[in-house]
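Undergrad: Sequence first, predicted model second:
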Amino acid sequence: MKMQEAPKAKPKRAVRAKVASVPKLLPIKQALHNHLIYSTFKTDAAATPRDWYDAASYTVRDHVVERWIKTTESYYLEDPKRVYYLSLEFLIGRMLSNAALNLGINEELRDGLTDLERNLETTVEMETDAALGNGGLGRLAACFLDSMATLDIPASGYGIRYEYGMFRQSIEGGQQIENPDNWLRYGNVWEFQRPESTYVIKFYGDVLRYSADQGEGQRWVDAEHVVATAYDVPVPGYGTDTVNTLRLWSAKAAREFDLWHFNDGNYEKSVEERNRTESISKVLYPNDSSVLGKELRLKQQYFFVSASIQDILRRFLSAHSIKTQEDWKLLPEKIAIQLNDTHPAIGVAEMMYQLVDEHGLPWDFAWGLVGKIFAYTNHTLMPEALETWSVDLFGRLLPRHLEIIYKINHEFLHMVNHHFPGDADLLKRVSIIDETHGRRVRMAHLAVVGSHTVNGVAELHSELLKKTLFADFDRIYPGKMTNVTNGITPRRWLNQANPNLTALIEKAIGPEFKKDLKLIKKIVPLADDADFRKAFSQVKKANKARLAAKILEKTGVKLNVDSLFDVQIKRIHEYKRQLLNVLHVITLYNRIKNGEKNITPRTVIFGGKAAPGYWMAKQIIRLINDVAVIVNEDVAIGDQLKVVYYPNYEVSAAEILFPGSDLSEQISTAGTEASGTGNMKMALNGALTIGTLDGANVEIMEEVGDENIFIFGLTTPEVAEVKANGYRPRDYYDNNPELKQVIDMIANGHFSIDEPSRYQAIVDNLLNNDQYLLLADYASYIDTQDRVGALYQNQDGWTRMAILNVANMAKFSSDRAIADYANNIWHVASNVKGKAKK
């Protein structure tokens, strides 16, 4: 089995939208009034704030649709190579403000609403976040869509239109409570249902074998059918007419209603099929602790991947006359598919199914095409986080695809054995089928074997992939592994989230940095300008005041805006080490109680969701909140220390939290975090980083200088050495009195008086296992936090460092990341280079 590189299309200028015949748009004030009446059926007197949001959204949407039609038309006329980005998550956030800013009509919209005695900020607040993701994976995908449109790259995103998202988090009695996130309750102005774009998705059934001209043929028969219906969401670029598409799939039953059962009085049975089918697109990441939960997750993945690939092939076939086998060679010259993590990895088998079974191509010829189409982004270094499925479940749900995977694996192992003869252990390690843990399909291995390029998402992560997780594949496929460091869009995470800082920078260096973040480096000299530092500090304080007001509204905790806002907001997971942060909080608490002077006042802010079935993560959330109660109600502590848990962390919350942060906690165990993007967003908004040399922290340090970041803890090689030498966490506990006091307080119920043993499992884990080396890094972390507190008392020095962090974030623009993908992996044109890289 020979794997090939992605085809390199002929150099061609980036596609730009051509003029289409569309009606002339009304002035914004008139359009607002018209939409209020004709789109919401309300008068000024009867309109609610939500009606005004709808009117504003329809008004801005008109401007988006005008460009969207032109873009779509130009793609069909010019027939460029297109990129298809497959991701189970897209955290796109609020659309109204983002679209208005990207299209350059934000001030017109503000003026129009003001003339009608309405407020833009209040109107924007009415929009509910689209619940299409959970964490960094979804936020990264949304940033990439923004950059692809901004760089005029012909691209589409594909995902699932979750009816309820993951869940809406509330904190009750200190514990995470999961509530349905009914984000579509009021409809979604920004989506367009496409009933003409529907595809049949198969599940279960059998494989029928029959005689064919080229030997034995196979056909998937007696399958259950589910219908995938498309909903399109526009993705407007910044400073361009390009508007790309995010296509989301919703599951519908092939037969929605059984009249026979209904007339027989069996009302539940009459809609049973519809309810079972629509559960596929009901909730993001259903709890997979049960067999049915696992099955539903696999169904979700295959559902959206199959619909997407059928749609991609339909578009290709409608644009090209494909009459012979040779004509199909055009396919990889016209499409590039990026797999965002392992969730869409089944796409490799699905493309083979479509090409071989549905379009009649010979196996070897089809595999030659597949190897030129797919690229795979890996997002983890932890083997346990790589997705696998039991062969029994996979074969029952997708019987034909299991056969296809068996054949891919057979040919792959034959190739490996040819090049590395006699190495049976190598064959076991790289096989797509894991025979050592109850026979499981390794989806990451399928993605690696079926892709022409595999990339990590930070320089350290990519190097570790080649040395550890995918070391064997790097030997087998030298050159296949590469790096594309993640990035964030400056439009949402600076221009939209932090308008006052954006205005300050624009006043100093002009507006061009919003399109080309490399220009932000021009503010480096201003770090030594007293007037600029003063203005920068004023912006930061205003952002902190805005955040404090929101926290008071949500939690009832009043904050001192002059205190150091120390923020850790991310998915709750043991490797991200929120618990280490808690140990520091308790250490500070003890020091203040012991009368220690000159401690910098600090507000520690946590936020993030724990997976519903992740008990330990939920215990950490409860501990944070129990510590917060004791600290915040202690009159002896006062404003010297506050702890808050920001509930239901989402994109719109992040747009307030990032600008209001002073200190960015990026404290995962070295060698566990692939990249992180919160670290980039924090730094771009003027927060200083405290972190380990993990993920993109390494590159942030290289960009800002090690004197402008707070690095602590063991390095990745040191972590490996400590573990290899037999890590004994109790030694750290026994030899550090402060640490011992902190852990004893947790163990003795100081923060859980009603249930003293509540956190015994946490304590036992720390003292007997401590997989993520919290106790080994504790002393270094505390010492570094002491340096943080001391520097914060020198506000001029702190501000200077913050400005230099902002000024050196250009590398972490998603525009740079997408240009890397476009030039080196997809081989499509972007307006960064003007042509595809040879």
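TA: Looks like it came in fine. Residues are numbered from 1 along each chain as shown.
Undergrad: Only C-alpha atoms from now on, for both contacts and neighbour counts.
TA: Will do.
Undergrad: so where's the protein uncertain?
TA: In the predicted model, the chain carries pLDDT under 70 at residues 1-22, 214, 255-273, 830-838.
Undergrad: cutoff 80 now
TA: Within the chain, the ranges that satisfy pLDDT under 80 run 1-23, 212-215, 254-276, 286-289, 384-385, 830-838.
Undergrad: And the strands in the stretch 1-150 of the chain?
TA: 82-86 (DSSP state E, counting those that start in this stretch).
Undergrad: what about the helices in it?
TA: Per DSSP state H, counting those that start in this stretch, the stretch 1-150 of the chain carries helices over the ranges 28-38, 49-78, 96-103, 106-115, 120-124, 136-150.
Undergrad: could I get these as JSON lines with mean neighbour count?
TA: Formatted as JSON lines, the helices of the stretch 1-150 of the chain follow (neighbours: other CA atoms under 10 Å):
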{"stretch": "helix 28-38", "mean neighbour count": "19"}
{"stretch": "helix 49-78", "mean neighbour count": "20"}
{"stretch": "helix 96-103", "mean neighbour count": "23"}
{"stretch": "helix 106-115", "mean neighbour count": "17"}
{"stretch": "helix 120-124", "mean neighbour count": "17"}
{"stretch": "helix 136-150", "mean neighbour count": "24"}
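Undergrad: okay, those in JSON lines with distance to residue 474 next?
TA: Shown next, in JSON lines, are those (distance: least, CA to CA, whole Å):
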{"stretch": "helix 28-38", "distance to residue 474": "56"}
{"stretch": "helix 49-78", "distance to residue 474": "37"}
{"stretch": "helix 96-103", "distance to residue 474": "41"}
{"stretch": "helix 106-115", "distance to residue 474": "49"}
{"stretch": "helix 120-124", "distance to residue 474": "48"}
{"stretch": "helix 136-150", "distance to residue 474": "24"}
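Undergrad: how far does stretch 674-688 sit from the chain's center?
TA: Centre-to-centre, stretch 674-688 and its host chain are 14 Å apart (CA atoms, centre = their mean, to the nearest Å).
Undergrad: picking that back up, so which of the helices of the stretch 1-150 of the chain is nearest residue 548?
TA: Nearest of those to residue 548, taken as CA to CA: helix 120-124 at 17.3 Å.
Undergrad: by contact count, what packs against that closest one?
TA: Helices and strands touching helix 120-124, by 3 or more CA pairs under 8 Å, 6 or more residues apart in numbering; DSSP states H and E, are helix 49-78, helix 106-115.
Undergrad: List just the one of those helices that sits closest to residue 757.
TA: Smallest distance to residue 757 across the helices and strands packed on helix 120-124 (CA to CA): 47.5 Å, for helix 49-78.
Undergrad: Distance to residue 489 added to the helices and strands packed on helix 120-124, as a markdown table?
TA: A markdown table is the format used below for these (distance: least, CA to CA, whole Å):
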| stretch | distance to residue 489 |
| --- | --- |
| helix 49-78 | 19 |
| helix 106-115 | 18 |
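Undergrad: Strands along the stretch 301-450 of the chain, start to end?
TA: Under the criterion DSSP E, counting those that start in this stretch, strands of the stretch 301-450 of the chain are mapped to 335-340, 374-377, 388-390, 433-434, 440-442.
Undergrad: how long is stretch 105-125 end to end?
TA: Counting by CA to CA, to the nearest Å, you get 18 Å between the two ends of stretch 105-125.
Undergrad: Can you give the contact residues for it?
TA: Residues from elsewhere that reach stretch 105-125 (CA atoms under 8 Å, 6 or more residues apart in numbering): 28, 29, 32, 49, 50, 52, 53, 56, 96, 97, 100.
Undergrad: quick one: contacts for the third one?
TA: Looking back up the chat, that one is residue 32. Listed by CA under 8 Å, 6+ apart, the contact set of residue 32 reads 55, 56, 58, 59, 112, 113.
Undergrad: The closest residue to residue 469 other than its chain neighbours and residue 765: what is the separation?
TA: Distance criterion CA to CA, 6 or more residues apart in numbering; nearest residue to residue 469, sequence neighbours excluded, is residue 381 at 6.6 Å. Distance of residue 381 to residue 765, computed by CA to CA: 22 Å.
Undergrad: Of those two, which one has the most company?
TA: The neighbour count for residue 381 versus residue 765, taken as other CA atoms under 10 Å, is higher for residue 381 (20 against 12).
Undergrad: Please list all residues in contact with the more buried one.
TA: Applying CA under 8 Å, 6+ apart, the residues contacting residue 381 are 461, 464, 465, 469, 671, 672, 673, 674.
Undergrad: Among the residues you listed, which one sits closest to residue 641?
TA: Distances from residue 641 to the contacts of residue 381, taken by CA to CA, are shortest for residue 673, at 28.9 Å.
Undergrad: Residue 649 is in contact with residue 610, isn't it?
TA: No: counting by CA atoms under 8 Å, residue 649 does not reach residue 610; the two are 10.8 Å apart.
Undergrad: about what we covered before: okay, the contacts of residue 32 in CSV with distance to residue 130 next?
TA: Converted to CSV, these look like this (distance: CA to CA, whole Å):
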residue, distance to residue 130
55, 18
56, 17
58, 17
59, 19
112, 26
113, 24
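Undergrad: if we take those, which one ends up nearest to residue 400?
TA: Taking CA to CA as the measure, residue 400 sits nearest to residue 58 out of the contacts of residue 32, at 45.0 Å.
Undergrad: how near is the closest one to residue 536?
TA: Here residue 58 is placed at a distance of 36 Å from residue 536 (CA to CA).
Undergrad: ok, back up a step: for residue 456, see how far away the residue nearest to residue 469 is.
TA: Using CA to CA, we find residue 381 at a distance of 9 Å from residue 456.
Undergrad: got any residues that touch both of those two?
TA: 465, 674.
Undergrad: For stretch 320-332, buried residues please.
TA: For stretch 320-332, burial by neighbour count (16 or more other CA atoms under 10 Å) applies to 328, 331, 332.
Undergrad: between these, which is nearest residue 571?
TA: Using CA to CA, those come closest to residue 571 at residue 332, 36.7 Å.
Undergrad: Now the closest one. Nearest residue, chain neighbours left out?
TA: Residue 332 sits nearest to residue 373 (CA to CA, 6+ apart), 5.3 Å away.
Undergrad: Could you do residue 790 as well?
TA: Leaving aside its chain neighbours, residue 790 sits nearest to residue 600 (7.1 Å; criterion: CA to CA, 6+ apart).
Undergrad: Look at that neighbour and say how many residues are nearby.
TA: 18.
Undergrad: Which parts of the stretch 701-838 of the chain are helices?
TA: Using DSSP H, counting those that start in this stretch, the helices found in the stretch 701-838 of the chain span residues 716-724, 729-735, 737-747, 760-768, 774-792, 795-807, 814-821.
Undergrad: Tell me which of these sits most buried.
TA: helix 814-821 (a mean of 24; mean count of other CA atoms under 10 Å).
Undergrad: Compare the helices of the stretch 701-838 of the chain and give me the one nearest residue 519.
TA: For the helices of the stretch 701-838 of the chain, proximity to residue 519 was assessed by CA to CA; helix 795-807 is nearest, at 8.7 Å.
Undergrad: quick one: contacts of that closest one?
TA: Residues outside helix 795-807 that contact it (CA under 8 Å, 6+ apart): 520-524, 526-528, 533, 536-537, 683-688, 704, 708, 791-792.
Undergrad: Let me have the strands of the stretch 301-450 of the chain in TSV, extended by distance to residue 810 and mean neighbour count.
TA: TSV is the format used below for the strands of the stretch 301-450 of the chain (distance: least, CA to CA, whole Å; neighbours: other CA atoms under 10 Å):
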stretch	distance to residue 810	mean neighbour count
strand 335-340	23	25
strand 374-377	22	26
strand 388-390	37	18
strand 433-434	42	22
strand 440-442	37	21
